[in-house]
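**Q** build me a structure from this.
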Amino acid sequence: MENDHVAIENIDRGVSRKVMAFDDQLMMAKVFFESGSIGEIHQHIHSQISHIESGLFEVQIGEMKKVLKAGDAFYIPPNSLHGVVCLEKGVLIDVFSPMREDFVI
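**A** Below you'll find the predicted structure:
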């Protein structure tokens, strides 16, 4: 899908998302964060891999916390508590399996 034709959805204060492509088994989304914004701690049944396209993020998966930068990536197993704090404005590329039905309802 052409990036220019994908709508941006506001999720929370300072956080917005574009669902880029998906089928029943796989989904890719871009998530835009303003500096200081928070991806609240949550969990879901999906496997997730996130690539940091830009910015600086404190990433928490379970009890582990790490500061990661552009070019880094992380894996989140199904049903694991996780979240991020954006330390410098940035973009995450999130990939989910299976797709997140809640993102397209």
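**Q** output stretch 95-105 in CSV, but only the C-alpha positions, please.
**A** In CSV, the C-alpha atoms belonging to stretch 95-105 read as follows (Å, rounded to 0.1, in the frame of the first residue of the first chain):
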residue,chain,number,x,y,z
VAL,A,95,5.3,-6.3,13.3
PHE,A,96,2.7,-8.7,14.8
SER,A,97,1.7,-12.3,14.3
PRO,A,98,-1.1,-13.0,13.9
MET,A,99,-2.5,-9.6,12.8
ARG,A,100,-4.0,-7.2,15.4
GLU,A,101,-7.7,-7.3,14.7
ASP,A,102,-8.2,-4.5,17.3
PHE,A,103,-6.2,-2.2,15.0
VAL,A,104,-8.6,-2.4,12.1
ILE,A,105,-12.0,-2.6,13.8
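**Q** can you give me the buried ones in that stretch?
**A** Within stretch 95-105, the residues scored as buried using 16 or more other C-beta atoms under 10 Å are 95-96, 99-100. For every residue, glycine as well, the C-beta is placed using N, CA and C.
**Q** strands of the chain, residue ranges please.
**A** Secondary structure of the chain (DSSP state E): strands located at 9-12, 15-22, 27-33, 38-42, 47-61, 64-69, 73-76, 82-97.
**Q** out of these, the one nearest Val104 is which?
**A** Val104 lies closest to strand 15-22 among the strands of the chain, at 6.3 Å (C-beta to C-beta).
**Q** where does this protein have low pLDDT?
**A** Residue ranges of the chain with pLDDT under 70: 1-4.
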